[in-house]
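Q: sequence unknown, structure follows:
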């Protein structure tokens, strides 16, 4: 039970961005402290019983419930088996931003002098900015390249291989970094492997993925064997980065280099229709 | 260019005009003092989305081929009929100018309001300029696009494109199909709707809900309302402390059902209960019997029921979180109001969630 409790505690801290010790993760600890300070302030200062319960007591009850090992057990076994990776979502029931914003306004409202009020407000804004993390500086925030908000090279490649109106759908093997976006652009393009093979959490295996993505140098014969293996799911196109190492040029094995787009070679397997 | 303008017009029609008129049809349930443009739209949108969930699930489960086509047509017609009836009930007084409030404000309060609006606009512009990567889009966005392009409802593996048995866990959360509906009727690619249109739609809606919460919290100190909203905005913009926070979901995964759940649905439940707390004394004042008291309390329980349905439509976890939060807040309402009938209202509001769970286990 103690182990489960510690897991819950770690999940709670990680929700607030705490991954290391207080010295290393000072900002995140401060952010978490601001939230708890807000909760405690509301419990002490709020006179309206309903608000005190909603923004003071209820967050504490949810957090205690979250830390209670049986809650996690039930969640993992009944709601999100087998690992309960989404357990943190229970914390969404806490109106975090309302609590913090409301507590800040309660403090401001108690200050009589306008200048002090302004100074406290500015200090609070700075505290939010310094302890939080600017969402637009996130590593996954990229400038949009087009109106679809997917990489332009995926669109360019798909435009080359997409079937025309009335033609049957095609299957194409894409490198891992592109396979997330292909079917977000055109669902007439099928793939032998997709996201669930690329990300480790599912532990899926596919011969085309194994031949194309795992080795440092692709064995061309093995790749072709994999893409042609299942007649119902064989790949008409193979897309490889120009710089990708391969032991033999695919054109020497009967494939046609259709085009090179944005640094990716598009090969068509003429044996596959 | 004309095509783009025509698509934008259709988007506005199906995402703003139709829900607003549906709200007009049903806003007689709202108490007079809450009958505003915002609440009418919110009520209409909740009904609009609830009707979709109710129609999409049978289409998905019972129709084998071209399920989305049937769903789209039935839903489109029903929505248009409701909106047309709502248009007949057009209430001009909703739009009556309420200038006095803003004109009487102090200059600094006006400036704070300006900052608040600028921050919301900033986030909307950024949602257009930035394309955050999220692996889950490979599932949800493709589900919408497949419905738009192939008329299927969750019967094709979105990652690979081959036929697949119904993934009931994700399928019952029909918001991806609603996005597909919007994409189809507006003639806009579903990926653009998910990545561009949805953030522009969800972000202001979320702040509207927080604004209404703020109005209730600061009804006696109105000058604090814009300051509260500035804090909420900043907490969102600087809320990327982990990948799990509602702020991260709102600004990085705006088009996903999970975002609608944590960003919109759960704050909406808080709002509905704050409105109920406001009405506690009003209900007590009703000297007459159960029926009269129910008339005062019913609008918010109806609204809560609709919010709970939206929670189910967002993600399967919506059932747990909306139910859990409603239960906690009902307990608080019981303490505050000392009115046992609150349990009846709360129970009625989660009936759709029970039905949802029953369907889940029947189909699984």
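A: That came in fine, so what should we check first? Remember, it's a predicted structure, so these values are computed and weren't measured experimentally.
Q: use CA for all of it now, contacts and neighbours both
A: OK.
Q: For the residue nearest to residue B:333 when sequence neighbours are not counted, give me its contacts.
A: Excluding the flanking residues, the one nearest residue B:333 by CA to CA, 6 or more residues apart in numbering or on different chains is residue B:277, at 6.8 Å. In this structure, residue B:277 makes contact with A:50, B:333, B:336-337, judged by CA atoms under 8 Å, 6 or more residues apart in numbering or on different chains.
Q: Can you list the buried residues in the helix or strand residue B:277 falls within?
A: Using DSSP states H and E, residue B:277 falls within helix B:266-285. For helix B:266-285, a neighbour-count test (16 or more other CA atoms under 10 Å in any protein chain shown) marks B:266-277, B:279-280, B:283 as buried.
Q: Likewise for stretch B:16-25?
A: B:17-25.
Q: Then stretch B:221-230?
A: The neighbour-count check on stretch B:221-230 (16+ other CA under 10 Å) flags B:222-230 as buried.
Q: okay, those residues in TSV with secondary structure and pLDDT next?
A: What follows is those, written out as TSV (DSSP: H, G, I helix; E, B strand; the rest coil; pLDDT from 0 to 100):
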residue	secondary structure	pLDDT
B:222	helix	91
B:223	helix	92
B:224	helix	95
B:225	helix	96
B:226	helix	96
B:227	helix	96
B:228	helix	97
B:229	helix	97
B:230	helix	97
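Q: which of the residues you listed come close to chain A?
A: Applying CA under 8 Å from any CA of the partner chain to the buried residues of stretch B:221-230, one finds that B:224, B:227-229 fall near chain A.
Q: what number of residues lie near residue B:64?
A: Counted by other CA atoms under 10 Å in any protein chain shown, the residues lying close to residue B:64 total 12.
Q: Buried residues in stretch B:52-68, which are they?
A: Across stretch B:52-68, burial judged by 16+ other CA under 10 Å covers B:52-57, B:59-61, B:67-68.
Q: How about the residues of the stretch 251-364 of chain B by chain A?
A: Residues of the stretch 251-364 of chain B lying close to chain A by CA under 8 Å from any CA are B:251-252, B:262, B:266-267, B:270, B:277, B:317, B:321, B:324-325, B:328-329, B:332-333, B:336.
Q: what do you get if the cut-off is 10 Å, keeping everything else the same?
A: Applying CA under 10 Å from any CA of the partner chain, one finds that the stretch 251-364 of chain B approaches chain A through B:251-252, B:258, B:261-263, B:266-267, B:269-270, B:273-274, B:277-278, B:316-317, B:320-322, B:324-326, B:328-329, B:331-333, B:335-337.
Q: and those residues, which of them are in helices?
A: If you go by DSSP state H, those have B:251-252, B:258, B:266-267, B:269-270, B:273-274, B:277-278, B:317, B:320-322, B:324-326, B:328-329, B:331-333, B:335-337 in helices.
Q: how near is residue A:137 to chain B?
A: Distance of residue A:137 to chain B, given as CA to the nearest CA, to the nearest Å: 9 Å.
Q: all strands in chain B, in order from the N-terminus.
A: With DSSP state E, there are no strands along chain B.
Q: wait, chain A
A: Per DSSP E, chain A carries strands over the ranges A:170-173, A:189-190, A:237-241, A:255-261, A:264-269.
Q: nearest to chain B, of the ones you listed?
A: strand A:189-190 (4.9 Å; CA to the nearest CA).
Q: who does the closest one pair up with?
A: Partners of strand A:189-190 in the sheet, by DSSP bridges, are strand A:170-173 (parallel).
Q: Show me what the mean pLDDT comes to for the partner strand.
A: The average pLDDT for strand A:170-173 rounds to 95.
Q: what do you get for stretch A:62-81?
A: Mean per-residue pLDDT for stretch A:62-81: 93.
Q: wait, does that stretch contact chain B?
A: Yes: judged by CA under 10 Å from any CA, stretch A:62-81 comes into contact with chain B through A:62, A:75, A:79-80.
Q: thought residue B:354 was touching residue B:319?
A: Yes: contact criterion CA atoms under 10 Å: residue B:354 and residue B:319 qualify, at 8.4 Å.
Q: These two - which one has more neighbours?
A: Higher neighbour count among residue B:354 and residue B:319: residue B:319, with 22 against 14, using other CA under 10 Å.
Q: State the pLDDT value of that one.
A: Here the pLDDT value assigned to residue B:319 is 94.
Q: close enough to count as contact, it and residue B:313?
A: Yes: using CA under 10 Å, residue B:319 and residue B:313 qualify as a contacting pair, with a distance of 9.1 Å.
Q: got any residues that touch both of these two?
A: Residues touching both residue B:319 and residue B:313 by CA atoms under 10 Å, 6 or more residues apart in numbering or on different chains: residue B:356.
Q: can stretch B:151-160 be found next to chain A?
A: Yes: if you take CA under 10 Å from any CA as the test, stretch B:151-160 does meet chain A, through B:157-160.
Q: gap between that stretch and the chain center?
A: 25 Å (CA atoms, centre = their mean, to the nearest Å).
Q: per-residue confidence averaged over that stretch?
A: pLDDT averaged over stretch B:151-160 gives 93.
Q: Just the endpoints, please. Distance across that stretch?
A: Taking CA to CA, to the nearest Å, the first and last residues of stretch B:151-160 lie 17 Å apart.
Q: do the same with stretch A:253-266
A: Span of stretch A:253-266 from end to end, CA to CA: 14 Å.
Q: any idea how far residue B:118 is from residue B:125?
A: 10 Å.
Q: Likewise for residue B:311?
A: Noted for residue B:311: a distance of 29 Å to residue B:118, by CA to CA.
Q: Look at these two and report which has more neighbours.
A: residue B:311 (30 against 13).
Q: Look at the more buried one and report its pLDDT.
A: Reported pLDDT for residue B:311: 96.
Q: isn't it right next to residue B:324, touching?
A: No: with contact defined as CA under 10 Å, residue B:311 does not reach residue B:324; the gap is 11.7 Å.
Q: now the angle from the helix holding residue B:277 to helix B:317-337?
A: 30 degrees (axes from the mean of the first three to the mean of the last three CA atoms, to 10 degrees).
Q: Could I get the average pLDDT for helix B:266-285?
A: Taken as a whole, helix B:266-285 has a mean pLDDT of 88.
Q: how is chain A carved up into domains?
A: Domain ranges of chain A: A:2-133, A:152-269, per automatic domain parsing.
Q: how about CSV for those, with distance to residue B:190 and mean neighbour count added?
A: Formatted as CSV, those follow (distance: least, CA to CA, whole Å; neighbours: other CA atoms under 10 Å in any protein chain shown):
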stretch, distance to residue B:190, mean neighbour count
domain A:2-133, 27, 17
domain A:152-269, 8, 17
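Q: For chain B, name the helix or strand with the lowest mean pLDDT.
A: The weakest-scoring helix or strand in chain B, judged by mean pLDDT, DSSP states H and E, is helix B:99-103 (a mean of 66).
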